[in-house]
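Engineer: I would like to see how this sequence folds:
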Amino acid sequence: MEAAGTSRTGYAVANLGWGNHTAKLQWKKRGGYVTSWNSMPSLDDGFSGGRVLTVTSHHRYMWTKEIEADDKISNAGTWVDMASSSLTFTLAEAATLRFVYAFNVRPDWVDPTDEYGLRDDVSARLVIDGEWSSSTRQNCINMLTNSSAHLAPPHPHTHRLSIP
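Structural biologist: Sure, this is the predicted structure:
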């Protein structure tokens, strides 16, 4: 069976002081039917699996990073940094910043009893300056796009060609 794909987009708003800062994208696998989730920017030249992290503050600041590293998460229940998904930036003054991320993810395999992988999920969050804070306003939107292809198990066939 072909695995279903899903996209994750989210944003956070934070007030930060001047100086150097780092934003990291983390993810967490939930459930046990899907053995692992993959984020593969290399898939179809990035068209099918891109990942991006952007930081803005009105029209004064803008930093963005297009992430090219493939990543995979197998262990459930623990927040893990996504590969190469950090962005370092420097503020000349205190500012209110908006952090935006987007990435596509797909399971490597879906249990046939859970055709669309709805029992399992992947969550994402931003960690700013090494901390995840409940005072940072965050929102994550998950869009599920399902596709499946059922493959018949192999079995012997006999074909006869008759030529009149």
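Engineer: which parts of the protein are strands?
Structural biologist: With strands called from DSSP state E, the chain shows them at 5-16, 19-30, 37-39, 51-57, 61-67, 71-73, 80-91, 95-107, 121-128, 137-145.
Engineer: most tightly surrounded among these?
Structural biologist: Highest mean neighbour count among the strands of the chain (mean count of other C-beta atoms under 10 Å): strand 37-39, with a mean of 23. (Glycine included, C-beta is placed from N, CA and C.)
Engineer: on contacts alone, who are the packing partners of that strand?
Structural biologist: Contacts defined by 3 or more C-beta pairs under 8 Å, 6 or more residues apart in numbering; DSSP states H and E place strand 37-39 against strand 19-30, strand 71-73, strand 95-107.
Engineer: change it to 7 Å
Structural biologist: strand 71-73, strand 95-107 (3 or more C-beta pairs under 7 Å, 6 or more residues apart in numbering; DSSP states H and E).
Engineer: which among those strands is found nearest to Y33?
Structural biologist: strand 95-107 (8.5 Å; C-beta to C-beta).
Engineer: that closest one pairs with which strands, parallel or anti?
Structural biologist: strand 5-16 (antiparallel), strand 37-39 (antiparallel), strand 51-57 (antiparallel) (DSSP bridges).
Engineer: out of the ones you listed, which gets nearest to T64?
Structural biologist: Going by C-beta to C-beta, the one of these nearest T64 is strand 51-57, 4.2 Å.
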